[in-house]
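Chemist: My questions concern the predicted model and sequence given below.
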Amino acid sequence: MTERENQLPSPLEPLPEDWQTALAIVAHPDDIEYGAAAAIARWTGQGKRVVYCMVTSGEAGIDGMHPDEAGPLREAEEIASAGVVGVTEVDFLRQPDGVLEYGVALRRILAEVVRRHRPEIVITGNFRDTFGGRNLNQADHIAVGRAVLDAVRDAGNRWVFPEQLEGDLEPWGGVRAVWAAGSPGAEHGVDTTETFDAGVESLEKHKAYIDGLGWEGWDAREFLEGFGRQTGQRMGVAFAASFEVFPMGWGE
């Protein structure tokens, strides 16, 4: 084997699709749309239920717009974006954008969401320190991803946050795995060739946010094609999305 072949990324194992309900928890509106939305479109097209949960409203994300104006605008863009890929349930927890902290308070909030929606799969974004190489991750992404892992386990333990267990809310230990989209540690993927266009349209719905970034000449399709084709090569398809899998439960 040549030195170049040694450096090639390993093939991605296909994600299981023998489930019916997923909950996607991310820090900001638009986090799902940078690659994972095309996978969501595939799954909703199979008749699966996918719920979105935004921990913040992304209100601190547009430099030229006050948070009081930006928050509702970004929520509206996310609802429209979710609709493109077949998601009709979008929760906004309205925690403070840009200053999220990993800890018990965030775990408590997320455990309640898991208990309420009772998913089999929980999806989040990359929460490693980088996106690969020297590209540093954002603090909110890291805090939310870490809290998601713990909150999923918390949700199944009736003695953790027991004050939530009133009325119809019960412990939920039925999450099989947490999938982190776009992680540099990803070893799994999903073929998004047929739903790639929906993923592009979904990202384009975040027009105010993208315009606010001031990226002259930036094109959503071109951006997503770069990552999608690279990941697709690892699965032998045109386009794919990658995920790092964290099994929940012993022996998984």
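Modeler: Yep, that arrived.
Chemist: low pLDDT regions in the stretch 1-150 of the chain?
Modeler: Across the stretch 1-150 of the chain, the ranges flagged by pLDDT under 70 are 1-8.
Chemist: so where do the strands sit in it?
Modeler: 13-14, 21-26, 49-56, 89-95, 121-125 (DSSP state E, counting those that start in this stretch).
Chemist: For Arg146, find the nearest of these.
Modeler: Counting by CB to CB, Arg146 lies closest to strand 121-125 out of the strands of the stretch 1-150 of the chain; the figure is 9.4 Å. Quick note: C-beta positions are derived from backbone N, CA and C, even for glycine.
Chemist: contacting residues around that closest one?
Modeler: 19, 21-27, 31-32, 36, 50, 114, 141, 144-145, 148, 152, 175-182, 243 (CB atoms under 8 Å, 6 or more residues apart in numbering).
Chemist: How about stretch 185-194?
Modeler: With CB under 8 Å, 6+ apart as the criterion, stretch 185-194 contacts 10, 12-15, 38-39, 41-42, 128, 179-180, 199, 228, 231-232, 234-235, 237-245.
Chemist: if we can go back for a sec, which of the contacts of strand 121-125 count as buried?
Modeler: By neighbour count, with 16 or more other CB atoms under 10 Å, those hold 19, 22-27, 31-32, 36, 50, 114, 141, 144-145, 148, 152, 175-182, 243 as buried.
Chemist: Give the buried residues for stretch 242-252.
Modeler: Ser242, Phe243, Glu244, Val245, Phe246, Met248.
Chemist: Export only the CA atoms of it, formatted as CSV.
Modeler: Listed next in CSV are the C-alpha coordinates belonging to stretch 242-252 (Å, rounded to 0.1, in the frame of the first residue of the first chain):
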residue,chain,number,x,y,z
SER,A,242,-21.2,11.7,8.2
PHE,A,243,-22.0,11.0,11.8
GLU,A,244,-20.1,9.9,14.9
VAL,A,245,-22.2,7.3,16.8
PHE,A,246,-22.4,7.2,20.6
PRO,A,247,-24.3,4.0,21.6
MET,A,248,-26.5,4.4,24.7
GLY,A,249,-26.5,1.3,26.8
TRP,A,250,-24.1,-1.5,27.7
GLY,A,251,-22.9,-3.9,25.0
GLU,A,252,-24.1,-1.7,22.1
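Chemist: average pLDDT across that stretch?
Modeler: Across stretch 242-252, the average pLDDT comes to 83.
Chemist: what do you get for stretch 199-209?
Modeler: The model assigns stretch 199-209 a mean pLDDT of 96.
Chemist: And for stretch 178-185?
Modeler: The average pLDDT within stretch 178-185 is 97.
Chemist: Same list, the strands of the stretch 1-150 of the chain, but as JSON lines with distance to Gly133 please.
Modeler: As requested, those are exported to JSON lines (distance: least, CB to CB, whole Å):
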{"stretch": "strand 13-14", "distance to Gly133": "23"}
{"stretch": "strand 21-26", "distance to Gly133": "22"}
{"stretch": "strand 49-56", "distance to Gly133": "26"}
{"stretch": "strand 89-95", "distance to Gly133": "29"}
{"stretch": "strand 121-125", "distance to Gly133": "17"}
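Chemist: which residues touch stretch 20-28?
Modeler: Taking CB under 8 Å, 6+ apart as the rule, stretch 20-28 contacts 32, 36, 40, 43, 47-56, 58, 61, 74, 97, 100, 110, 113-114, 117-125, 138, 140-141, 143-144, 148.
Chemist: Thank you, goodbye.
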